[in-house]
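**Q** Pasted the sequence and its predicted model underneath.
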Amino acid sequence: MIFLTGILLLVSCSSDEPVDPAPPEVEPQSEDIVIFSINDPHGRIHNFGKIKAIIDKEKETESQVFFLSGGDIFSGNPIVDYHPEKGFPIVDLMGKAGVDVSALGNHEFDYGQEVLQERMQDSEFPFLCANLESSSSGFTIPQGKLMLEKDGFEIAFISVVETGSADNKPLSHPKKLQGLEFSEGVNAMSKYRNDSGVMTADLVVAVTHYGREGDRMILEQHDFVDLVVGGHNHRVYSEKVNGRYMVQSGSNLEILTKLNLTVEDGEITEYSHELIYLDQVTETDDVMEDLIAEYNNQPEFFVEIGTSLQNHNTAETACFYTDAIRTLTGADVVFQNYGGVRAQLDYGSITPFDIYTIDPFQNGLDSFTMTVEELEDFLNSSYAPSLAYSGIRIENRNGRKELIAANGSNMSDNTEISVALNDYISNVYSQDFQQPTTTYEKTTAEYLIDYLQQHQSIIDYDGCNRGI
């Protein structure tokens, strides 16, 4: 201390260097991004010209625009399903419309693993699936994660598929999934919790084909996931779970979802959700429209082969379906799963396009010789699906489904009967349908067309409902 004329001066001797001012606080950097999404188009290609026009226009003013697909792009449009390169038209159009990544849906396997592999190789975008764990069939396991950066903003995409079959496989024909093993989707997500790429990404998006409840589990159990863009349920929603969001966009390429997000320090701070109903959109891309028209130019699909006298609902359409198969096979009873009736038989002309749309899965047809007891054991099991039928009357009696003879009495347990059904059912429930008596050479859809051309072309099933 130095005293000068009554003034006390404090002199620091610790350093002669000037003291730097405190650095200003750095404001967190925010980014505005746009995510478009579709899910479950099931082969519909009619609106891709409109989608491309919408996305291209957005890219004129925004550099960080992403376009995602929630899977199930196949099975539902004969133009796509029966193309010489099965599935190619929709893969081609999705790529040209700007899709960045697609979940691998359960119906992606409907054409078989070899065809799926070819379409994945043709694609301009990757298919992801993190819960396909092993393959002994020669099918190459797709990547589960994709890091994608646009104008300095990086998203980590992770995908899983539903495993709703009894053997923990996706809901596709068992023959098409041989040699593949899957884990539960929400568990497979765990492997990315400490992944360096995921942890340093600006945003983590699960683009899934897992269904509403599966996507909810992801947000409940994995806090590193910021957003789920899903598919499988054919639902339309935007929901907030644990402070983060999940969306789904219906089906059949009717809706394009648009998300405007502000992201700050890896978190979504602003969120807006818009549904674009594509049939109401007028602006389109002419080049894409020409390509769609070229793909649709298949006149053999639009030849009249019958007439429907009314608009049939699903139950009525299933009555037509099972009666047709019973006529062609001569079976005592025919079954069809309602999940395999994918469209309804509408009023007016019936064309092959209509039939292939109703029955798009190219399933085979089997018949079996069984006893009444064996069939009733299946029908009354806890795992039996909801079925439409034709033939021997079936009633609920004393809490059981029973086969009823013409005189109204219960049929004898040891009576042998013939049963026909598609080979998806017989393969899923192979413990009940073990050895076919006959395996037919055509698909079930081709037999429906034969029925219309050879037996009955005027169809009217008003009020019919044969369901068990």
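**A** Great, that's in hand. In this text, all values refer to a predicted model and were calculated from it rather than measured experimentally. Numbers count the residues shown, from 1 in each chain.

**Q** For the stretch 51-200 of the chain, which residues score under the pLDDT cut-off?
**A** Within the stretch 51-200 of the chain, no range satisfies pLDDT under 70.

**Q** Quick one: the strands in it, in order.
**A** Assigned by DSSP state E, counting those that start in this stretch, the strands in the stretch 51-200 of the chain fall at 65-69, 101-103, 127-128, 132-135, 145-150, 153-158, 180-182.

**Q** Of the ones you listed, flag the one that's most buried.
**A** Greatest average neighbour count among these goes to strand 101-103 (a mean of 27), per mean count of other CB atoms under 10 Å. (Glycine included, C-beta is placed from N, CA and C.)

**Q** for it, packing partners?
**A** strand 65-69, strand 127-128, strand 203-207 (3 or more CB pairs under 8 Å, 6 or more residues apart in numbering; DSSP states H and E).

**Q** I'd like to know which of those strands lies nearest to K57.
**A** strand 65-69 (10.1 Å; CB to CB).

**Q** Nearest residue to T140 in space, please, no chain neighbours.
**A** Closest residue to T140 apart from its sequence neighbours, by CB to CB, 6 or more residues apart in numbering: Q117 at 6.3 Å.

**Q** I'd like to know how far the residue nearest to Y295 when sequence neighbours are not counted sits from F48.
**A** Closest residue to Y295 apart from its sequence neighbours, by CB to CB, 6+ apart: P89 at 4.4 Å. According to CB to CB, to the nearest Å, P89 stands 10 Å off from F48.

**Q** Kindly report the same for I255.
**A** Per CB to CB, I255 is found 14 Å from F48.

**Q** again, but for N233
**A** Counting by CB to CB, the gap from N233 to F48 is 22 Å.

**Q** Look at M370 and give its secondary structure.
**A** strand (DSSP: H, G, I helix; E, B strand; the rest coil).

**Q** quick one: low-confidence ranges for the stretch 351-468 of the chain?
**A** For the stretch 351-468 of the chain (pLDDT under 70), the answer is none.

**Q** All the strands of it, residue numbers only.
**A** 365-371, 387-391, 393-397, 400-404, 416-422, 438-439, 458-459.

**Q** okay, now the nearest residue in space to F302 that is not next to it in sequence: neighbour count?
**A** In this structure, F302 finds its nearest non-sequential neighbour in T351, 5.0 Å apart by CB to CB, 6+ apart. The number of residues packed near T351 is 19, by other CB atoms under 10 Å.

**Q** give me phi/psi at T351?
**A** In terms of degrees, to the nearest 10, the main-chain angles of T351 are phi -120, psi 160.

**Q** now swap in T269 and tell me
**A** In terms of degrees, to the nearest 10, the main-chain angles of T269 are phi -100, psi -20.

**Q** got the contact list for it?
**A** Applying CB atoms under 8 Å, 6 or more residues apart in numbering, we find T269 in contact with 30, 262-263.

**Q** Which of N233 and F48 has more residues huddled nearby?
**A** Using other CB under 10 Å, the more surrounded residue of N233 and F48 is F48, with 27 against 21.

**Q** Now do the domain split for the protein, please.
**A** 30-296, 299-459 (automatic domain parsing).

**Q** And the longest one, how far out from the chain middle?
**A** For domain 30-296, the distance from its own C-alpha centre to the chain's C-alpha centre is 9 Å (CA atoms, centre = their mean, to the nearest Å).

**Q** Same check on the last one?
**A** Per CA atoms, centre = their mean, the displacement of domain 299-459 from the mean C-alpha position of its chain is 25 Å.

**Q** Mind jotting down where the helices sit in the stretch 101-250 of the chain?
**A** Assigned by DSSP state H, counting those that start in this stretch, the helices in the stretch 101-250 of the chain fall at 113-122, 185-188, 196-200, 211-221.

**Q** Just give me the neighbour total for R244.
**A** For R244, the count of nearby residues is 20 (other CB under 10 Å).

**Q** can you check L104 too?
**A** L104 has 28 neighbours, counted by other CB under 10 Å.

**Q** tell me the phi and psi of it?
**A** Main-chain torsions, L104, degrees, to the nearest 10: phi -90, psi 110.

**Q** Contacts made by the helix ranked longest in the chain with the rest, please.
**A** Of all the segments of type helix in the chain, defined by DSSP state H, the longest one is helix 314-329. Contacts with helix 314-329, where a contact means CB under 8 Å, 6+ apart, come from 312, 331, 333-336, 338, 341, 343-345, 358-359, 365, 367, 388-391, 418, 420, 438, 440, 444, 447-448, 450-452, 455-456, 459, 461-467.

**Q** Could you tell me which of those are located in helices?
**A** Those of these lying in helices (DSSP H): 358, 444, 447-448, 450-452.

**Q** With distance to S159 and neighbour count as new columns, can those residues be given to me in JSON lines?
**A** Converted to JSON lines, the ones in helices among the contacts of helix 314-329 look like this (distance: CB to CB, whole Å; neighbours: other CB atoms under 10 Å):
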{"residue": "I358", "distance to S159": "30", "neighbour count": "23"}
{"residue": "T444", "distance to S159": "31", "neighbour count": "26"}
{"residue": "Y447", "distance to S159": "36", "neighbour count": "23"}
{"residue": "L448", "distance to S159": "35", "neighbour count": "26"}
{"residue": "D450", "distance to S159": "40", "neighbour count": "15"}
{"residue": "Y451", "distance to S159": "41", "neighbour count": "23"}
{"residue": "L452", "distance to S159": "41", "neighbour count": "23"}
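
**Q** can you put the residues you listed in JSON lines and add distance to A406?
**A** Formatted as JSON lines, the ones in helices among the contacts of helix 314-329 follow (distance: CB to CB, whole Å):
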{"residue": "I358", "distance to A406": "31"}
{"residue": "T444", "distance to A406": "28"}
{"residue": "Y447", "distance to A406": "27"}
{"residue": "L448", "distance to A406": "27"}
{"residue": "D450", "distance to A406": "28"}
{"residue": "Y451", "distance to A406": "25"}
{"residue": "L452", "distance to A406": "29"}
